[in-house]
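J.: From the sequence below, what's the structure:
(chains A and B)
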Amino acid sequence: QQQVKQSPQSLIVQKGGISIINCAYENTAFDYFPWYQQFPGKGPALLIAIRPDVSEKKEGRFTISFNKSAKQFSLHIMDSQPGDSATYFCAASKGSGTYKYIFGTGTRLKVLA
Amino acid sequence: DAGVIQSPRHEVTEMGQEVTLRCKPISGHNSLFWYRQTMMRGLELLIYFNNNVPIDDSGMPEDRFSAKMPNASFSTLKIQPSEPRDSAVYFCASSLSPGQGQYGYTFGSGTRLTVV
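T.: So this is what the prediction gives:
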């Protein structure tokens, strides 16, 4: 129940295309869902995050879609660029006094030039 | 802001030796986290501190692992004795506490540990 399941494990997209990464969770107590981007040799960096009171959040080319009833959320990267090639992690946490993230297993994205 | 600073960046040690990883969190952040990343298991939370106090160490694999945070600007993760299966990238991250706004973690660049 503490797991966050992420798919696909790897993804290859043409430049200009849309990259979509999906995550699913079981614990309905989770109330904060961030996405992290990690380049080789670097630590993960916060990309965008959403709370379950909204169904979508957009920041530039990055959009999180959230489906509370299905307990799923996804990251969409519009107009994907080679510089977006990285590993993406979804995560979930329970607020209110705890700050422990449960991370998905990661998606390795490669955007072809 | 220099971000979260970890040292060393790379560590190669022999099985049985003691290893100490170091972390300096972002000034003003009062939560600190140690994660381990491997291909097989992804990102695993080992332990986290709030206001220098260990809050949850349920992810620490066994007694060979210990972590301390003697003050707000420094933390260590120690493995004694080290084993080849401890080989991984160890990340330290810091953040503001819950209730101060969830701005997410800021991760360091990690320490790549190889135990031979």
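
J.: Please name every helix or strand in contact with whichever helix or strand A:Lys5 is part of.
T.: Assigned by DSSP states H and E, A:Lys5 belongs to strand A:4-7. On a contact count with 3 or more C-beta pairs under 8 Å, 6 or more residues apart in numbering or on different chains; DSSP states H and E, strand A:4-7 meets strand A:19-25, strand A:86-92. Where C-beta positions appear, they are placed from N, C-alpha and C, glycine not excepted.

J.: Buried residues, stretch B:74-92. List them.
T.: With burial defined by 16 or more other C-beta atoms under 10 Å in any protein chain shown, the residues of stretch B:74-92 counted as buried are B:75, B:77, B:79, B:82, B:86-92.

J.: With respect to chain A, which of these is nearest?
T.: Comparing the buried residues of stretch B:74-92 against chain A with C-beta to the nearest C-beta places B:Phe91 closest, at 5.3 Å.

J.: Can you say which helix or strand has that closest one in it?
T.: Going by DSSP H and E, B:Phe91 is part of strand B:88-95.

J.: Can you spell out which helices and strands pack onto that strand?
T.: Using 3+ C-beta pairs under 8 Å, 6+ apart, strand B:88-95 sits against strand B:5-7, strand B:19-24, strand B:31-38, strand B:74-79, strand B:106-107, strand B:111-115.

J.: Select, out of the ones you listed, the one closest to chain A.
T.: Of the helices and strands packed on strand B:88-95, nearest to chain A by C-beta to the nearest C-beta is strand B:106-107, at 3.0 Å.

J.: That closest one pairs with which strands, parallel or anti?
T.: Strand B:106-107 sits in its sheet next to strand B:88-95 (antiparallel), going by DSSP bridges.

J.: any idea how far A:Ala86 is from the closest residue to B:Val116 other than its chain neighbours?
T.: Sequence neighbours aside, B:Glu14 is the residue nearest to B:Val116 in space, at 5.9 Å (criterion: C-beta to C-beta, 6 or more residues apart in numbering or on different chains). Taking C-beta to C-beta, to the nearest Å as the measure, B:Glu14 falls 34 Å from A:Ala86.
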